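In: Sharing a sequence plus its predicted fold:
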Amino acid sequence: QVQLGQFGGGLVQAGGSLRLSCVGSGHTFSPYALGWFRQAPGKEREFVATINRSGTVTTYADSVKGRFSISRDNPKNTMNLQMNSLKPEDTAIYYCAARWGDVSSDPNRYDYWGQGTQVTVSS
């Protein structure tokens with residue numbers, strides 16, 4: 001099974017950018033569909049973006065489309081989320097996740113999770 005470690009995040013002003021990284025260990029990344037999810041205080045965990053096993057198909061939540069970009073590098077066992085034009089409503093704990101097989105926007109379908117990283121966008 002794969003273990004996921006997250007890097008990046010922090011505090012940024014509205015309109016700024018941040019980059020999150022997720023590094024896998026224990027198993028090669030290539031059989032896994034990957035995703036980013038986030039959870040704001042008092043809210044349920046929600047879908048942000050997913051990327052298929054080969055990295056050729058990506059999907060985004062409407063709220064981040066055009067501002068966020070997900071990518072992966074299978075030989076390096078890494079996945080990134082580039083976040084531009086950040087808004088205060090993007091403030092949340094961000095999690096990377098992996099599941100064996102096809103992508104899904106349902107967080108309950110993911111088996112492996114990173115530790116989470118805080119993203120705070122000030123107005």
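Out: Everything's here; your move.
In: the strands in this protein, which residues?
Out: Taking DSSP state E, the strands of the chain run over residues 3-8, 10-13, 18-25, 32-39, 46-51, 58-60, 68-73, 78-83, 92-100, 112-113, 117-122.
In: Run through the residues that contact residue 30.
Out: 53-54, 74 (C-beta atoms under 8 Å, 6 or more residues apart in numbering). Glycine gets a C-beta too; all of them are placed from N, C-alpha and C.
In: Just the pLDDT for the residue nearest the centre of the chain.
Out: Geometric centre of the chain, nearest residue: residue 36, 2.3 Å, by C-alpha atoms, centre = their mean. Residue 36 is assigned a predicted lDDT (pLDDT) of 98.
In: Could you check how far it is from residue 81?
Out: 5 Å (C-beta to C-beta, to the nearest Å).
In: Report the set of residues contacting both of those two.
Out: Common neighbours of residue 36 and residue 81 (C-beta under 8 Å, 6+ apart) are 20, 22, 48-49, 70, 94, 96.
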